[in-house]
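1. sequence and computational prediction follow.
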Amino acid sequence: MIDATTTLSSAAQTTWDVVVIGSGLAGSVAALELARRKLTVLLLDQKPFPRSKPCGGCLNAEALQHLKAVGLSDTVNSLGGEPYSRFDLWNRRHHLSLSLPPGLGISRHRLDAALIERAIDAGAEFLPATSGQIQPSETDGDNRTISCRQGTESVSVQARLVLLATGLSGNPVRQQPKFDFTTAANSRIGLQATLSDVADFPKDASIHMAVGRAGYVGLARIESGLVNLAAAIDPASLQTGSPADVCRNILIESGFPFSADIPADSWQGTVKLTRTRGTLADERLLVIGDAAGYVEPFTGEGMATALRGARAVVALAETAARSWDPDLADQWSLTMRRHVIRRWPCHLLTRLLRVPFLVRLAMGATVTVPVLGRTVVRSINRERVNEKSTVGTGYGRTC
């Protein structure tokens, strides 16, 4: 359990340089870096911690590079995650294996808690089990007001800058529908479960993805000998079967050689995954992480994007907290769209994974022309915090 480092009433008595709403990867790393720059930072989350979160649980090469850049490699390596270096795709008993730059499988239960602890060590204050609603802006004001609620208690908190990092949840910006999400009509929902009965799970360093007509299931080893299951599922398929039934049928249909029982309980789900937020900045308000939008395929790219955005926002957020300029909102929107959000690989994979026949064609084409697979791998694992930065070498051949 991560205890609060301040109280709700004390938080209301301080004008904070930055209030970060949401303590996932983007929020906690941004809070850490801003606290290191000697800003007063309040980090909020509506959940008590540690908590689980539906996620693929895979830190790819780019994500690990971001964590290394902010001095968190030792922290992450101490969590006991499982390394991986391959991606195995299964569809109608066809199998394709691609080499990947080294990554790490780790549960969000442990990862997020560790990052919050590092932010606290750097000087950030933390309030778990606390929701935050951002009040309408006053363009001539020096602060932004956040209505914070913890149980039955509520207070108003003042901040010179707010970072919105609330993931896929709704619109926490009061009276501003421009911050509403737009959700794709055919979007799938996410499901996640942790498997402990994994005696016959392949003992290889791979992320496995099984593709079926109802969606796809990703499996990867994580800490403590467990396997993380994360799936993107057509909502209609759950009208005739439980999450366990739907995922089990996809595994059978794909031909993936793993027959352990999937637990019928302890499932977590998401809202529809593919969604965008058209407005990414406002008066003394910047949006980071999944709060800016998300695109399937729900296999780890979101964590790299969250960390990319957290690092990119720090210098601009420091400037904004010390002296706000309305042009900073436009600068952040441009930065997000040009340098942080990179959705074309996910859009490509999402469309492909909806048609199993096309998956098999693509698998065959990749075997024939290995550069196709390497191009996708490279695009997902390349760091682009700035235009001169690159990550990942030695991409392997397709087998």
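-> Happy to help now that I have it. Residues are numbered from 1 along each chain as shown.
2. helix, strand, or coil at residue 201?
-> coil (DSSP: H, G, I helix; E, B strand; the rest coil).
3. can you list the buried residues in stretch 131-151?
-> For stretch 131-151, a neighbour-count test (16 or more other C-beta atoms under 10 Å) marks 131-132, 134, 137, 143-146, 148, 150 as buried. In this view, the C-beta of every residue, glycine as well, is placed from N, C-alpha and C.
4. report the mean confidence score over that stretch.
-> Averaged over stretch 131-151, pLDDT sits at 90.
5. can you give me the end-to-end distance of that stretch?
-> For stretch 131-151, the first and last residues are 9 Å from each other (C-alpha to C-alpha, to the nearest Å).
6. any idea how far that stretch is from the middle of the chain?
-> In this view, stretch 131-151 has its centroid 25 Å away from the chain centroid, taken as C-alpha atoms, centre = their mean, to the nearest Å.
7. who are the contact partners of the nearest residue to residue 191 once chain neighbours are set aside?
-> What sits nearest to residue 191 in space, not counting adjacent residues and going by C-beta to C-beta, 6 or more residues apart in numbering, is residue 231, at 4.5 Å. Counting by C-beta atoms under 8 Å, 6 or more residues apart in numbering, residue 231 makes contact with 190-192, 215-218, 243, 246-247, 250, 298.
8. so what sits opposite residue 231 in the bridge?
-> When bridges are called by DSSP bridges, residue 231 pairs up with residue 191, residue 217.
9. now do the same contact list for the residue nearest to residue 328 when sequence neighbours are not counted.
-> Distances taken as C-beta to C-beta, 6+ apart place residue 320 nearest to residue 328, at 4.9 Å, with adjacent residues excluded. With contact taken as C-beta under 8 Å, 6+ apart, residue 320 is in contact with 160-161, 284, 286, 328.
10. how close does residue 320 get to residue 283?
-> Residue 320 is 10 Å from residue 283, where distance means C-beta to C-beta, to the nearest Å.
11. do the same with residue 332
-> Taking C-beta to C-beta as the measure, residue 332 falls 12 Å from residue 283.
12. ok, the two, which is more surrounded?
-> With neighbours defined as other C-beta atoms under 10 Å, residue 332 and residue 283 compare such that residue 332 has more, 24 against 16.
13. and residue 17, what does it touch?
-> Neighbouring residues of residue 17 by C-beta under 8 Å, 6+ apart: 34, 39-41, 159-161, 321-322.
14. make it 6 Å
-> Neighbouring residues of residue 17 by C-beta atoms under 6 Å, 6 or more residues apart in numbering: 39-40, 160, 321.
15. again, but for residue 223
-> So, once contact is read as C-beta under 6 Å, 6+ apart, residue 223 ends up touching 80-81.
16. so what pLDDT did it get?
-> Taking residue 223 on its own, its pLDDT is 96.
17. would you list the contacts of residue 320 in TSV and tack on secondary structure, pLDDT and distance to residue 339?
-> Below are those laid out as TSV (DSSP: H, G, I helix; E, B strand; the rest coil; pLDDT from 0 to 100; distance: C-beta to C-beta, whole Å):
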residue	secondary structure	pLDDT	distance to residue 339
160	strand	97	24
161	strand	98	20
284	coil	97	22
286	strand	98	14
328	helix	98	16
